[in-house]
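In: no sequence on this one, just coordinates:
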């Protein structure tokens, strides 16, 4: 019997985006020197720096919208009666 070959699934295409970055002359010289010493490219340096930064500080989540039937804590607080103090309670007790 002839063996049927399994088809490889296509790789998901990765989207890339371009960003522009402006550096001063001193910053560019420092980055070029660092890249030369570490034997890397400026592009890889920026990607790694951004990846590390987002790993530490990139846990942001978009707040979900609140439904119109959702109660708000301040709705309840506004409707509460005045807070009583201990002297009000003593005055309300009958004399013994």
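Out: In hand now; what should we look at? Quick caveat, the model's predicted, so the values are computed rather than measured.
In: going by C-alpha atoms from here, please, whenever you check contacts or count neighbours.
Out: Fine.
In: any idea how far the residue positioned nearest the centre of the chain lies from residue 54?
Out: Nearest residue to the geometric centre of the chain (C-alpha atoms, centre = their mean): residue 60, 0.8 Å. When distance is defined by C-alpha to C-alpha, to the nearest Å, residue 60 is 10 Å away from residue 54.
In: any regions of the chain where pLDDT drops low?
Out: Per-residue confidence of the chain (counting by pLDDT under 70) places the weak regions at 1-2, 73-84, 88-96.
In: and the helices in it?
Out: With helices called from DSSP state H, the chain shows them at 25-38, 42-57, 73-79, 86-92.
In: and the second one, what does it pack against?
Out: Taking 3 or more C-alpha pairs under 8 Å, 6 or more residues apart in numbering; DSSP states H and E as the contact definition, the neighbouring helices and strands of helix 42-57 are helix 25-38.
In: buried set for stretch 26-34?
Out: residue 31 (16 or more other C-alpha atoms under 10 Å).
In: so how far is it off the chain centroid?
Out: Relative to its chain's centre, stretch 26-34 lies at 30 Å (C-alpha atoms, centre = their mean, to the nearest Å).
In: burial of residue 42, as a residue count?
Out: Number of residues near residue 42 (other C-alpha atoms under 10 Å) recorded here: 16.
In: list the contacts of it.
Out: Residues in contact with residue 42 (C-alpha atoms under 8 Å, 6 or more residues apart in numbering) are 31-32, 35.
In: distance to residue 10 for these - can I get that in a markdown table?
Out: Formatted as a markdown table, the contacts of residue 42 follow (distance: C-alpha to C-alpha, whole Å):
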| residue | distance to residue 10 |
| --- | --- |
| 31 | 38 |
| 32 | 38 |
| 35 | 35 |
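In: which among those residues gets closest to residue 13?
Out: residue 35 (29.3 Å; C-alpha to C-alpha).
In: so the spatially closest residue to that closest one that is not a sequence neighbour versus residue 34, what's the distance?
Out: Distances taken as C-alpha to C-alpha, 6 or more residues apart in numbering place residue 41 nearest to residue 35, at 5.7 Å, with adjacent residues excluded. Distance of residue 41 to residue 34, computed by C-alpha to C-alpha: 9 Å.
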